[in-house]
Structure formats: C-alpha cells, structure tokens
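# Predicted model, plus sequence, below.
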Amino acid sequence: AQSVTQLGSHVSVSEGALVLLRCNYSSSVPPYLFWYVQYPNQGLQLLLKYTSAATLVKGINGFEAEFKKSETSFHLTKPSAHMSDAAEYFCAVSALFSGGYNKLIFGAGTRLAVHP
Amino acid sequence: NAGVTQTPKFQVLKTGQSMTLQCAQDMNHNSMYWYRQDPGMGLRLIYYSASEGTTDKGEVPNGYNVSRLNKREFSLRLESAAPSQTSVYFCASTQRGGSDTQYFGPGTRLTVL
C-alpha cells in the first residue's frame, strides 16, 4: 500500500535562507508524486509533480524537488525563501484504487514560516 | 473559467441537522473527489466519482453520502451532522487519475455544535 511521510510538521526559516521540506513515500509500484501548497483559507494548488520523465522537477515560484528512488524521497527545496512562501505544504502519492482508478494519498503537511 | 467552485464557504450546524455541500467544475473532468482536512492529518478522501454515474467510498465515508448529478456536479450530504464532522471540506477534480493533476476548490468550513 502507498503512504507518505512528511518529516517536520513545522519548519521556520529566515527570509533568503534555503527551504527544505522533507517527504518520504512508500509505494510498491513506480509512483507519481506531487507537492501542493495551501495558503491560508484557500484550497490546494499544485506546485510540481513527478511523472518519471525527469528526476529533478521544477515547479512554480522557484520550487523544485528531486525524486530519489534509492532513498524513497521527494524533498522540496527553494534556494531563497520569500515572505510570500509562508503556507502549508503537502506531499502526495498517486495510489491505485481497486477498480483501476487512482487516488491521492496525502502526507500530514508541513507548515512553513518565514521570518524577516 | 472558474475551475472548481464550492458552496457554501462557511456553515454552522447543530448536531442532528442535515446539509448538502455543492461542488461544480467547468474543466470537463471525468473524476471528482470529496476530502476532509483536519489539523495534523492532511487530507482524507471521503468519496470519489471516477466518472459520471459512478461513486465509491474513500477512507472515511461514514456519515456521508454523495451524488454525481452530472459530469459537472458532485454533492456531499451529511444526513445527521455530528461534532466529529467539524472540518474543512474540499472538492477536487481531475481528468482521470494517475499522473493527472487534481484541481481543488476553495473549501467549505463546517462547524457542528
């Protein structure tokens, strides 16, 4: 069965510092992996996704993530944090339902705080 | 192109009351989903509809029912609300699944007293 673990429910960085949000997955088949961002009182918005085309995936707002099969990881990074990056971030894996359809399994989320 | 819309945005119910959360998408997507979001638990799937005319249970279906009214609309009904159903509810849609992106609505914040 597929699952996702996000290490650290809260991460705090200074403006301009490196952002690193950790995600490890468990999957018995090659996974599709996603990072979503949720700003306060809003829905989820796709940041980037891994679909096996390339291991380093670039997303919106300067974020990127690297798929590492040997470590079963898909960590999210941004070289320089901006105040506007403060939000909650969710890692998700696409899992196959019985019946042949897919669903997303989400991690618990990491709340990113950026301070001046 | 509004994407995924949800109504209402906020709702307060008393225990035992019923209500229906509405969701519509204008992207001609086949699959639609209802999630609930609770602190520290991420999003959990309540029900989904892989295509028009089909619905199926997710991880936490108890206390809920759904209707896929047509390709655009997917509603979630609470027949007898309980305080444990206090949550934020999100509707999402996607073309099919797999590597396809799920698009989310803005959410409904429900409080059951």
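Sure, I can see it.
# now the residue in chain B that chain A sits nearest to, nearest residue through space, not along the chain?
Closest residue of chain B to chain A, CB to the nearest CB: residue B:97 (3.0 Å). Where you see a C-beta, it was placed from the backbone N, CA and C, and this is true even at glycine. Using CB to CB, 6 or more residues apart in numbering or on different chains and skipping residues adjacent in sequence, the residue nearest residue B:97 is residue A:102, 3.0 Å away.
# which ones are touching the residue of chain B closest to chain A?
A:94, A:101-103, B:31, B:50 (CB atoms under 8 Å, 6 or more residues apart in numbering or on different chains).
# next structured bit after the lowest-mean-pLDDT helix or strand in chain A?
For chain A, using mean pLDDT, DSSP states H and E, the weakest element among its helices and strands is strand A:102-106, scoring a mean of 86. Toward the C-terminal end, the helix or strand that comes next after strand A:102-106 (DSSP states H and E) is strand A:110-115.
# Give me the residues contacting that following strand.
By CB under 8 Å, 6+ apart, strand A:110-115 touches A:6, A:8-15, A:19, A:21-22, A:81-83, A:85-90.
# Show me what residue A:95 is bridged to.
Beta bridges link residue A:95 to residue A:103, judged by DSSP bridges.
# Let me know how buried it is, in neighbour terms.
By other CB atoms under 10 Å in any protein chain shown, 21 other residues sit near residue A:95.
# isn't it right up against residue A:25?
No - here residue A:95 lies out of contact with residue A:25, judged by CB atoms under 8 Å, at a distance of 10.0 Å.
# Now the common contact residues for those two.
Shared contacts of residue A:95 and residue A:25, defined by CB under 8 Å, 6+ apart, comprise residue A:2.
# about what we covered before: what about the residue of chain B closest to chain A, is that helix, strand or coil?
Following DSSP: H, G, I helix; E, B strand; the rest coil, we place residue B:97 in the coil state.
# per-residue pLDDT, it?
As predicted, residue B:97 sits at a pLDDT of 73.
# and what of residue A:30?
75.
# where does it fall, phi/psi-wise?
Here is the backbone geometry of residue A:30 (degrees, to the nearest 10): phi -50, psi 130.
# and the residue of chain A nearest chain B?
With CB to the nearest CB, the shortest gap between chain A and chain B falls at residue A:102, namely 3.0 Å.
# these two touch, right, that residue and residue B:95?
No - assessed by CB under 8 Å, residue A:102 is found out of contact with residue B:95, at 10.8 Å.
# more crowded one of those two?
Neighbours per residue, other CB under 10 Å: of residue A:102 and residue B:95, the larger number sits with residue A:102, 19 against 14.
# which one of the contacts of residue B:97 sits closest to residue A:77?
Taking CB to CB as the measure, residue A:94 is the one of the contacts of residue B:97 closest to residue A:77, at 21.5 Å.
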